[in-house]
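Chemist: Structure here, sequence nowhere to be found:
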RNA sequence: GAGAAUAUAGCUCAGUCGGUAGAGCAUCUGCCUUUUAAGCAGAGGGUCGAAGGUUCGAGUCCUUCUAUUCUCACCA
């Protein structure tokens, strides 16, 4: 770096600005290569970062990388003049340059640009970790790639420069979100924004991040979900609302969890969870076709097929199928016995619903590889969901499990304000008993639904996990630009 | 929170039994006007994650700490 600082000064002393203000670009690297015609020397102007250099005495080759890809540049002293060629000799891998010239094909058959003008656009002071590539039997072999995960996450900008497949993943992430946004908007539903700073957090069971507003001298929370605000908007008369939301949960970090993550939540009036299942099937299928041109993807080592319909299985039937235990109508004591019989150690304080969830999470969920809707959860685990009209104690709820992981959660929303109040009060009692994740009573939310919320179906999709699914990444850190790490 | 592994040059990695710190790429100098992991000749580059300890002597052995990775636990 010291050497490059000197070089920067050297360039300055030579009357050249190493950081000029603009450069006119006419083409992207990849477009030049795609549209190349033999015997046509098309004039082009490109800009990008120098990624390889092969210097010879009076002529040189180098590759520049722009936002789309790479292209080789041929620079000859006779063509650009001695001054430019001397400046070029001072350049390093990592510097950003602009090149004006014309297209041609080299003796070895690579489509390249024959430079007529070269301009330094940005001097790079730190060496980038260059990986060398070689083609062996038509396949690219990369030598000494920048692969240290810690460095890649801490210096994502470097990761993006030198590892093109990383860039692809993030481009796909944006494509997925854009497609979903269009998909919802085309139905006439409204994309909205609701508060991230909330005086009362709710809509999910999780520990929040806490902050403080100075002027109001009050505690605020970063939202763990936006469910209760979107429902207020359904009360307000919108038929469908959705929000791509950053949510924050003050919990552990692993390859499926980041403290801040993205969810899309959607609420549609007059619909129920059966309708929502169909929507989710269609959404996943079409999104896959849009971004992958295929309904098959590899997720956590398994080939996943996203062609509808997805299997539907109630949580009770799922447990019966995978453990052989019929738990329908069983009392808390019987459930505890069943769990013990299966070899599951349980906290003696937890109740029926939680026991069912534990059995499901331990013996069933990891085995659900192909997309499966698990439906009809115990009411107790779902304080915001509406009960099944014919099955007491069971709510109209589903989760979509893919590759053994939950990717979305949905229910017919509870809109009876009296029952909703009872459910939240029972949550408050759990909280008093020390359940830190039990919900807090949000009086304004209750007031809103007391005015009347139409029947409605709600959905939450974990965008990070969906992106993992559709890009074949096994860690949430590989689909978030700047995943959370401890400070250096 | 528990266990395992890792930490050596800008990057990717070797380093044997405890005895002067190594390679490739990158960098620098020279040569080279169609190269592509360019080539040839030479050179520089290190507080071996941090702090202690054992030892005549520690990259190597021991202790503690820090960070990361993986697995498990937690997280509907």
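Modeler: Structure's in. What do you need? Quick caveat, the model's predicted, so the values are computed rather than measured.

Chemist: tell me which helix or strand of chain A sits lowest on mean pLDDT?
Modeler: None of the helices or strands of chain A scores lower by mean pLDDT, DSSP states H and E than strand A:139-143, at a mean of 76.

Chemist: Mind listing residues that contact that strand?
Modeler: A:131, A:132, A:133, A:134, A:135 (C-beta atoms under 8 Å, 6 or more residues apart in numbering). C-betas here are computed from N, CA, C, even on glycine.

Chemist: Could you do stretch A:479-488 as well?
Modeler: Residues outside stretch A:479-488 that contact it (C-beta under 8 Å, 6+ apart) are A:150, A:153-154, A:156, A:169-170, A:173, A:253, A:258-261, A:464, A:467-468, A:471, A:473, A:476-477.

Chemist: How about stretch A:346-364?
Modeler: Contacts of stretch A:346-364 with the rest of the structure, by C-beta under 8 Å, 6+ apart, involve A:315-316, A:318-319, A:321-323, A:325, A:327, A:331-332, A:335-336, A:338-340, A:342, A:344, A:374, A:377-381, A:433.

Chemist: check contacts around residue A:71.
Modeler: With C-beta under 8 Å, 6+ apart, residue A:71 has these contacts: A:29, A:30, A:32, A:33, A:46, A:48, A:63, A:64, A:111, A:112, A:113.

Chemist: repeat that for 6 Å
Modeler: A:29, A:32 (C-beta atoms under 6 Å, 6 or more residues apart in numbering).

Chemist: Local confidence estimate at it?
Modeler: Looking at residue A:71, its pLDDT reads 96.

Chemist: Determine if any part of the helix or strand where residue A:457 lies is in contact with RNA strand B.
Modeler: Applying DSSP states H and E as the criterion places residue A:457 in strand A:456-462. No - contact of strand A:456-462 with RNA strand B (C-beta under 7 Å from any atom of the strand) is absent, the minimum separation being 7.9 Å.

Chemist: Quick check: the farthest pair among the contacts of strand A:139-143?
Modeler: A:131 and A:135 (13.9 Å; C-beta to C-beta).

Chemist: Check the offset of the longest helix anywhere in chain A from the chain's centre.
Modeler: Determined from DSSP state H, the single longest helix within chain A is helix A:164-186. Centroid separation for helix A:164-186 versus its chain: 9 Å, with C-alpha atoms, centre = their mean, to the nearest Å.

Chemist: Next, the angle from that helix to strand A:456-462.
Modeler: Orientation check (axes from the mean of the first three to the mean of the last three C-alpha atoms, to 10 degrees): helix A:164-186 against strand A:456-462 gives 170 degrees.

Chemist: mind listing what's buried in helix A:164-186?
Modeler: A:166, A:169, A:170, A:172, A:173, A:175, A:176, A:177, A:179, A:180, A:183, A:184 (16 or more other C-beta atoms under 10 Å).

Chemist: show me the contacts for the third one.
Modeler: Remark: with contacts taken as C-beta under 6 Å, 6+ apart, residue A:170 is in contact with nothing.

Chemist: ok, it to RNA strand B distance?
Modeler: 17 Å (C-beta to the nearest atom of the strand, to the nearest Å).

Chemist: and the contacts of stretch A:346-364, which are buried?
Modeler: A:315-316, A:318-319, A:322-323, A:325, A:327, A:335-336, A:338-339, A:344, A:374, A:377-381.

Chemist: Near RNA strand B, list only the ones from the contacts of stretch A:346-364.
Modeler: residue A:381.
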